[in-house]
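[1] turn this into a model:
(one chain, ligands or ions: 1)
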Amino acid sequence: MTKNASSRKLSVIEPQRESHQVKNSAAGDSPLKSLNRQFDLAADIVGLEPDLRELLKAPYRELHVQIPVKMDSGRLEIFHGYRIQHNAVRGPYKGGIRYHQDVDRDEVLALATLMSWKTAVVDIPFGGAKGGVCVDPQKLSKRELQALTRGFISKIDLIIGPHRDIPAPDVNTDEKIMAWMMDEYGKKHGYCPGIVTGKPVALGGSLGRKEATGRGVVFTIVEAAKHLKLELKNATAVVQGFGNVGSHAALFLHELGVKVIGVTDVSGGFYDKKGLNIPELIEHSTKYKTLSGYVKADSLSNDEALRTACDILVPAALGGVFTAEVAREVECKLIAEGANNPSTVEADEIFEKKGILVIPDILCNAGGVTVSYFEWAQNLQQYRWDVDKVNEELEKIMTRAFSEVHKIATEKKISLRTAAFVLAIERCATATRLRVL
Ligand code: GLU
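    Residues are numbered from 1 along each chain as shown. Next up is the predicted model:
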């Protein structure tokens with residue numbers, strides 16, 4: 001872990017012991033507390049030593065920066081950005097950067113922690129980090145968005161690098177933003193495509209990266225369906241969230257013959273018990289940047305989407321959507337967590353009691369970071385893979401991870417989530433013992 005320590009002086013804030021915002025659970029847990037409860041549950045099963053437990057839970061470094069942006073109006077606005085590096089014992093820090101008005105330190109830390117477990121579950125040579133800027137990007141012009149992105153990169157530049165910490169897209173950030181990040185980093189450090197993943201293909205991005213998270217979600221659904229003896233043809237699904245992850249997951253489910261009966265985005269969404277025309281909805285949402293305005297199905301709110309009876313429910317938007325109250329009303333056989341951190345601990349317990357199988361985020365949505373790994377490897381090798389190779393390798397990694405997690409869950413009679421944590425903790429603990437003990 002110390003290998004990634006920078007000898008340069010850094011503007012680092014002390015980890016705060018208590019979170020300032022409660023937004024993830026009916027019981028009042030912050031996302032981080034909720035996550036650490038899940039970690040402790042698995043650490044007890046593994047019998048993890050107390051010192052390693054503390055070491056693995058605590059973040060390595062947190063950077064909080066101010067980003068002044070000259071707005072189109074001429075006014076100067078100050079935005080707050082974070083890059084939190086949780087753990088790099090198995091490889092460089094890795095994780096996306098999100099732009100959202102609710103971003104705060106507590107959320108970024110929880111998401112950084114999740115990335116460490118996610119990269120360990122799929123066994124790719126990365127650690128975990130996350131970044132975020134507290135901003136509603138919908139309110140910015142393209143010029144302001146670019147200025148904000150360049151300002152953020154120039155402020156976190158001292159702790160990132162192709163062998164130190166590699167950002168990627170997350171909520172409200174896309175390949176265009178990654179291109180600006182790469183360009184800004186290159187101004188100081190020279191041409192360096194391996195500094196970010198999720199770039200446009202023309203700049204060294206990987207074929208298949210854009211679809212990767214949604215594709216990975218569906219690979220895990222296929223595996224889970226085999227265990228549930230759920231015939232996917234004509235099974236029903238609801239997808240909450242229609243961004244990059246949700247829209248691709250919906251499309252791949254549709255291609256498998258699953259009837260996607262409900263989809264929503266922030267504006268609300270649509271329901272059709274015969275199955276929605278997903279390619280048409282994607283066309284609509286790409287053209288208008290929203291699902292709103294589609295007229296060929298009944299409307300469905302986000303709240304209703306989570307409570308709609310179906311076989312497969314895919315939360316693919318923001319965290320914390322499954323509070324205990326919502327969980328009690330969920331009516332499905334399988335939940336595939338395309339989003340990060342969608343379920344509170346209380347919701348998880350309810351799902352278990354109801355016999356709903358949950359494919360946890362750190363397994364289910366790991367396809368994105370897995371193809372980020374392929375992209376990074378291609379950049380380092382200066383060699384491009386074709387899309388079939390990307391998808392085949394992705395399928396191999398996702399199905400292997402699913403079967404490893406499933407095996408632990410069956411042997412130890414625990415949930416897939418706890419089993420995924422067990423696997424991640426074992427892998428990170430082994431690497432830590434080898435490096436520092
Ligand atoms: N933001 C994505 C995630 O949460 C991808 C991260 C990456 O590719 O580094 O997994």
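[2] so where's the protein uncertain?
    Low-confidence segments of the chain (pLDDT under 70): 1-28.
[3] enumerate the residues of it near the ligand.
    By CB under 6 Å from any ligand atom, the residues of the chain that approach the ligand are 94, 95, 96, 168, 170, 197, 340, 365, 368, 369, 372. For the C-beta atoms, the positions are set from N, CA and C on the backbone; glycine is no exception.
[4] so which of the residues you listed are in helices?
    368, 369, 372 (DSSP state H).
[5] what about the last one, neighbour count?
    Looking back up the chat, that one is residue 372. 28 (other CB atoms under 10 Å).
[6] so what's it up against?
    When contacts are counted by CB atoms under 8 Å, 6 or more residues apart in numbering, residue 372 touches 94, 166, 168, 197, 198, 206, 209, 212.
[7] name the nearest residue to the first one, ignoring sequence neighbours.
    Computed as CB to CB, 6 or more residues apart in numbering, the closest residue to residue 94 that is not its neighbour in sequence is residue 126, at 3.8 Å.
[8] quick check: the gap between the one you found and residue 370.
    Remark: distance between residue 126 and residue 370 (CB to CB, to the nearest Å) = 10 Å.
[9] any common contacting residues for these two?
    Common neighbours of residue 126 and residue 370 (CB under 8 Å, 6+ apart) do not exist.
[10] figure out the length between the terminal residues of stretch 284-298.
    15 Å (CA to CA, to the nearest Å).
[11] residues contacting that stretch, please?
    Contacts with stretch 284-298, where a contact means CB under 8 Å, 6+ apart, come from 242, 247, 263-272, 276-277, 280-281.
[12] who wins for neighbours among those?
    Most surrounded of the contacts of stretch 284-298: other CB under 10 Å gives residue 263, at 31 neighbours.
[13] on that earlier part again, identify, from the contacts of stretch 284-298, the entry nearest to residue 58.
    Lowest distance from residue 58 to the contacts of stretch 284-298 (CB to CB) belongs to residue 266, with 33.8 Å.
[14] got the phi and psi for that closest one?
    With angles defined as degrees, to the nearest 10, residue 266 sits at phi -60, psi -30.
[15] residues contacting it?
    The neighbourhood of residue 266, defined by CB under 8 Å, 6+ apart, consists of 290, 302, 317.
[16] which single residue in the stretch 1-150 of the chain comes nearest to the ligand?
    Using CB to the nearest ligand atom, the closest approach of the stretch 1-150 of the chain to the ligand is made by residue 96 at 2.8 Å.
[17] got the contact list for that residue?
    130, 131, 167, 168, 169, 170, 171, 173, 198, 368.
[18] identify the farthest-apart pair in those residues.
    The farthest-apart pair in these, when distances are taken by CB to CB, is 131 and 368, at 14.9 Å.
[19] how near is residue 152 to residue 236?
    Taking CB to CB as the measure, residue 152 falls 41 Å from residue 236.
[20] who has more neighbours, those two?
    residue 152 (29 against 20).
[21] helix, strand, or coil at the more buried one?
    Following DSSP: H, G, I helix; E, B strand; the rest coil, the label given to residue 152 is helix.
[22] gap between it and the ligand?
    Look at residue 152 and the ligand: by CB to the nearest ligand atom, to the nearest Å, they are 16 Å apart.
[23] need the contact list for residue 239.
    By CB under 8 Å, 6+ apart, the contact set of residue 239 is 246, 249, 250, 253, 260, 262, 263, 264, 305, 314, 316, 338.
[24] can we see that at 7 Å?
    246, 249, 250, 260, 263, 314, 316 (CB atoms under 7 Å, 6 or more residues apart in numbering).
[25] surely the first one and residue 313 touch.
    Put plainly, it is residue 246. No. Using CB atoms under 7 Å, residue 246 makes no contact with residue 313, being 11.7 Å away.
[26] please work out which residue of the stretch 251-400 of the chain is closest to the ligand.
    residue 372 (3.2 Å).
[27] what of the stretch 101-250 of the chain?
    Closest point on the stretch 101-250 of the chain to the ligand, by CB to the nearest ligand atom, is residue 168, at 3.3 Å.
[28] which residues of the protein fall in strands?
    For the chain, applying DSSP state E gives strands covering 61-70, 76-87, 93-100, 128-134, 165-169, 236-240, 259-265, 268-271, 298-300, 312-315, 334-336, 357-359.
[29] buried deepest among those, which one?
    Highest mean neighbour count among the strands of the chain (mean count of other CB atoms under 10 Å): strand 312-315, with a mean of 30.
[30] how close does residue 350 sit to residue 307?
    13 Å.
[31] compare these two (neighbour count), which wins?
    Each of residue 350 and residue 307 has its neighbours counted (other CB under 10 Å); residue 350 has more, 21 against 15.
[32] before we move on, back to that, distance of the residue of the stretch 251-400 of the chain closest to the ligand from residue 231?
    Distance from residue 372 to residue 231, by CB to CB: 33 Å.
[33] one more: residue 193?
    With CB to CB as the criterion, residue 193 and residue 231 are 43 Å apart.
[34] who has more neighbours out of those two?
    residue 193 (20 against 11).
[35] residues touching that one, list them.
    182, 199, 203, 204, 379.
[36] what's the burial count for the third one?
    For residue 203, the number of neighbouring residues by other CB under 10 Å comes to 14.
[37] how near is it to residue 414?
    43 Å.
[38] run a quick neighbour tally on residue 388.
    Residues near residue 388, counting by other CB under 10 Å: 10.
[39] which ones are touching it?
    Counting by CB under 7 Å, 6+ apart, residue 388 has no contacts.
[40] what do you get for the one 10 residues further on?
    Contacts of residue 398 were listed using CB under 7 Å, 6+ apart, and they are 216, 219, 220, 367.
[41] and residue 158, backbone torsions?
    According to degrees, to the nearest 10, residue 158 has phi -70, psi -10.
[42] neighbours of it, just the number please.
    For residue 158, using other CB under 10 Å, the count is 15.
[43] rewinding a little: closest to residue 358 among the residues of the chain next to the ligand?
    residue 365 (12.6 Å).
[44] look up phi and psi at the closest one.
    Here is the backbone geometry of residue 365 (degrees, to the nearest 10): phi -100, psi 20.
[45] centroid-nearest residue for this protein?
    Using CA atoms, centre = their mean, the residue of the chain that lies closest to the mean C-alpha position is residue 340, 4.7 Å off.
[46] that one touches residue 319, doesn't it?
    Yes. Judged on CB under 7 Å, residue 340 makes contact with residue 319 at a distance of 5.7 Å.
[47] helices of the stretch 151-300 of the chain, residue ranges please.
    Here the stretch 151-300 of the chain has its helices, by DSSP state H, counting those that start in this stretch, at 175-189, 209-228, 244-255, 278-288.
[48] please consider this matter closed, and thank you.
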